[in-house]
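Participant: can you look at this prediction? I've put the sequence above it.
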Amino acid sequence: MLSGFSLFPEQASTLAPEIDNLYFGVISITAFFAIIVVVCVVYFAIKYRDHTGDKVGAPITGSVPLELGWSLIPFFTAIGIFVWASVVFFHIVRAPDQTLEVYSTGKRWMWRFQHIDGQREINELHVPVGRPVRVVFTSEDVLHDLFIPAFRVKADAVPGRYSAIWFEATKVGEYHLFCAEYCGTRHSGMIGTVYVMEQADYQEWLGGGGATAGGTMLQRGEALFTQLACVTCHLSDGSGRGPSLVGVYGSQVTLDSGAMVTADESYLRESILASQAKTVKGYERVMPTFQGLINEDGVAALIEYIKSLQAGGTRVASAQ
Amino acid sequence: MQTMVVEKPVTYINHAHTVMSWLLTKDHKRIGILYLIVVSTAFALGGIFATLIRMELTTPAGDLLSADVYNRMFTMHGVTMVFFVLVPAVPAVLGNFVMPLMIGAKDVAFPKLNLLSWYVFTIGFCFTIVSMVMGGVDTGWTFYTPYSSQGSESNVLLTGVGVFITGFSSILTGLNFMVTIHRMRAPGMTWFRLPLFIWALYSTSLVMVLGTPVIAITLLMLVLERGLHLGIFDPRLGGDPVLFQHLFWFYSHPAVYIMILPPMGVISEVIACFSRKNVFGYSFVAFSSLAIAVFGFLVWAHHLFVAGISPYSALIFSFLSFAVAIPSAVKTFNWTATLYKGAIWWKTPMMFVFGFLGLFLVGGLTGVFLASLGLDIHLTDTYFVVAHFHYIMVGGAIMGYFAGLHYWWPKMTGRMYNDTLGKLAALLIFVGFNLTFGPQFILGYLGMPRRYHVYPPEFQVLNVLSSAGASILAVGYVLPALYFLYSLKFGAIAGANPWKATGLEWTTQSPPLPENFPTTPIVTEGAYHYSKREIKVA
């Protein structure tokens, strides 16, 4: 029963110490206020105890300075905590540039992962130590939530859109990976393991194994790009019926409504599966929807391929 | 009076005896008792579910209940406790009984509507019971889509309809209370002479009337989505599953204030009585109730920080969540200051107040962790959240409800319960509660997700502690049921004012007359004039 018992989770990512410091900071601040109240209540309750019930208390009705004091001091303390916690929050949600991307899909009751180099795994995630990793994921059915306590990261998997978490593991080892959003009967069985490996071991792991059938994500994406006839409209010189996709990833796109959007993974995903939702300015609304014609793995592969299309004809695999 | 040979005085209990006289009563006091019966039944039922949950979680493996049954257990526990205990407990039981007495009225503004509210509530509860008998529901009390609309194969429709119906009881009660407080106060009972419990009930009624229609519409949308597949929440049809969460929490976060504001009002009453003092900073406590009711509507998205909302809207909702904590802090400081230089009489209701203060403090302050964006990402959907809201809802709301029940029991029944046993119950509940939910904060930071039927073995020690605490807690909750029932027959006669309290409800006999007061009282002072004069002991 005591095996592996601990009172505090392992710190295994660059974010973990930052979040733990905040945690201990908030514990100290709240404990300070709690102790004041508890000491006062206990002291008053004992000092002013009356066994008879016949005495009356002092005629005190209130004090405006005190009210102001115990409104404003907690308020400004709260603002302090708010600012600190918000800074940490932006570190959690803003991934650094140059992350290693892994795509994932949650479905009842498993997590599928697919790596850029083509490896696929279920309920296991192999990542290198000391390198920022970004997991882009969605759900095929109901809500799920990808939660890795040792890294202190978590986000819901929502059907129909992409979510992402990022982390940079700092310690080689094996860590829990949980589904944290209730998803039905075997919700508590939707758990897995994150394997943090030395760079060399990770390279070896990438090289080995027969899970790469079908080639890298880039190769599969390129094949799909032809197979689904994307290539007939999205000509690279922009003369096709659809806009050129060269350099589109990460750029600002102007829509026919005049609005600007950033072409991130979620935008590309929506443009493939719900192509009528947003149309680029200057183009006809003619693209068919690919909902039902392509699975989540295929969408991810296509997006990886589109990401690799860069101006000047150079292809940059984002794995590098 | 003394010269006459008086038979047993006429009370709201003994003036008519038939079952129909109870089921067709328009007396707010009798309706309060009817609510007490249903709410206590629901509390026992929810408690049985909780017991099974804690038994299952004693071991990491799923050896007592199947996964499916476990999921139904925590769902039914949540549904029963939230909609049929926490929301109605203080307003519908205690509020119905004492509110008209406290403001010097003969009844509420719309007595028939009040009876209808109880019927609507009870019919909603029956629907829920039927859905349980037919196998229950497994979506969690939050009914998140698309699991509830497409995934679940349990009785979502029936439970949804049950909760939908119950909502109307809240709306009608809220409306009734607001009109009563506006229109039915005795001569001289100005707004700033009102007991703080009335301020709390007024604020709560505001939330009930404004918030409950939103959950009703949301549940209706869910029922339509599930039945007709309209696509409101289905991304394949252009819907948005997260929209449900916005709508759900737009009611359900304010609902937390429906649950906690009335108990806060009870605390103000009891603390004033047993300290023999004015509540410190009366108007600050009164307005903090209103502030909580208003700001409570502006924080719902803090339940969605990991659901994919924009980081900037997360910032705003985090800030507002910190802001809503301030009025609660102000109340706590005022209660503490009320004790200063009081004459503190250690009777059972006051013991529950001390318990409330300790547990509500922990519940409120751990809310600060969850309002902090950088911490919420790690903590949300873990046992930290489970512990936090139980400290608020059970440690806060139920402790406050028990304080009120022990405070007004002599008024309701005319009998005293055993004070020593009452204190023992307060102690058992306080200790058992902390042992049950304290370890869950640690479990949460360790990363144990909520709603887990099986869990990794390293979490077992803390879960065993938690289950052990739950068994103490169970004893603490059964005990009052026993001495309350015992007191009905064998308790000492209470008299009109056993606590030597101020307040109009203590000026009439116990149990009160059917029409509350022999003559309409005239109010000339504030609610808590303990230090100004001798207290009349009738």
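Facilitator: Sure thing, it's come through. Computed from a predicted structure; not experimentally measured.

Participant: got the phi/psi numbers for the closest residue to A:Leu293 other than its chain neighbours?
Facilitator: Nearest non-adjacent residue to A:Leu293, counting by CB to CB, 6 or more residues apart in numbering or on different chains: A:Leu228, 6.9 Å away. The way it works is simple: take the backbone N, C-alpha and C, and place the C-beta from them, glycine included. Dihedral pair for A:Leu228: phi -90, psi 0, per degrees, to the nearest 10.

Participant: okay, now A:Leu228: neighbour count?
Facilitator: Counted with other CB atoms under 10 Å in any protein chain shown, residues neighbouring A:Leu228 total 16.

Participant: tell me the pLDDT at it?
Facilitator: With respect to pLDDT, A:Leu228 scores 89.

Participant: dump the residue contacts of it.
Facilitator: By CB atoms under 8 Å, 6 or more residues apart in numbering or on different chains, the contact list for A:Leu228 reads A:290, A:293-294, A:302.

Participant: repeat that with 7 Å
Facilitator: Residues in contact with A:Leu228, defined by CB atoms under 7 Å, 6 or more residues apart in numbering or on different chains, are A:290, A:293-294.

Participant: which SS class is B:Leu157?
Facilitator: What DSSP: H, G, I helix; E, B strand; the rest coil gives for B:Leu157 is helix.

Participant: restricted to buried residues, select the contacts of A:Leu228 in ChimeraX.
Facilitator: Selection of buried members from these for ChimeraX, criterion 16 or more other CB atoms under 10 Å in any protein chain shown:
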select /A:290,294
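
Participant: dump the contacts of A:Leu228 to JSON lines, plus distance to B:Thr332.
Facilitator: Putting the contacts of A:Leu228 into JSON lines (distance: CB to CB, whole Å) gives the following:
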{"residue": "A:Phe290", "distance to B:Thr332": "57"}
{"residue": "A:Leu293", "distance to B:Thr332": "59"}
{"residue": "A:Ile294", "distance to B:Thr332": "56"}
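
Participant: could you dump the contacts of A:Leu228 into a markdown table with secondary structure and pLDDT added?
Facilitator: As requested, the contacts of A:Leu228 are exported to a markdown table (DSSP: H, G, I helix; E, B strand; the rest coil; pLDDT from 0 to 100):
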| residue | secondary structure | pLDDT |
| --- | --- | --- |
| A:Phe290 | coil | 87 |
| A:Leu293 | coil | 86 |
| A:Ile294 | strand | 88 |
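
Participant: and which of the contacts of A:Leu228 is nearest B:Glu515?
Facilitator: Of all the contacts of A:Leu228, A:Phe290 has the smallest distance to B:Glu515: 73.3 Å, by CB to CB.

Participant: what about A:Cys233, neighbour count?
Facilitator: Neighbour tally, A:Cys233, other CB under 10 Å: 13.

Participant: what mean pLDDT does stretch B:152-172 have?
Facilitator: Stretch B:152-172 shows an average pLDDT of 93 in the prediction.

Participant: would you map the helices across chain A?
Facilitator: Using DSSP state H, the helices of chain A run over A:15-47, A:64-93, A:199-207, A:217-227, A:265-273, A:296-308.

Participant: is any residue of the fifth one near chain B?
Facilitator: No - shown here: helix A:265-273 not in contact with chain B (CB under 7 Å from any CB of the partner chain), separated by at least 9.0 Å.

Participant: hmm, B:Gly78 and B:Ala50 touching each other?
Facilitator: No - checked against CB atoms under 7 Å, the pair B:Ala50 and B:Gly78 is beyond contact range at 9.8 Å.

Participant: B:Gly188 contacts B:Glu525, correct?
Facilitator: No - B:Gly188 lies out of contact with B:Glu525 (CB under 7 Å); the separation is 8.6 Å.

Participant: which residue packs closest to the residue of the stretch 201-320 of chain A found nearest chain B, ignoring adjacent ones?
Facilitator: Closest residue of the stretch 201-320 of chain A to chain B, CB to the nearest CB: A:Gln291 (6.9 Å). Closest residue in space to A:Gln291, ignoring its immediate chain neighbours: A:Leu273 at 4.8 Å, by CB to CB, 6+ apart.

Participant: where does pLDDT dip in the chain?
Facilitator: The chain I'm using is chain A. By pLDDT under 70, the weakly predicted segments of chain A are A:1-3, A:209-213, A:311-320.

Participant: ah, I was thinking of chain B
Facilitator: Along chain B, the model assigns pLDDT under 70 to residues B:1-7, B:532-538.

Participant: try it again with 80
Facilitator: Applying pLDDT under 80 to chain B flags residues B:1-8, B:531-538.

Participant: the longest helix along it: which residues count as buried?
Facilitator: Ranked by residue count, the top helix of chain B under DSSP H comes out as helix B:241-275. For helix B:241-275, a neighbour-count test (16+ other CB under 10 Å) marks B:241-242, B:244-275 as buried.
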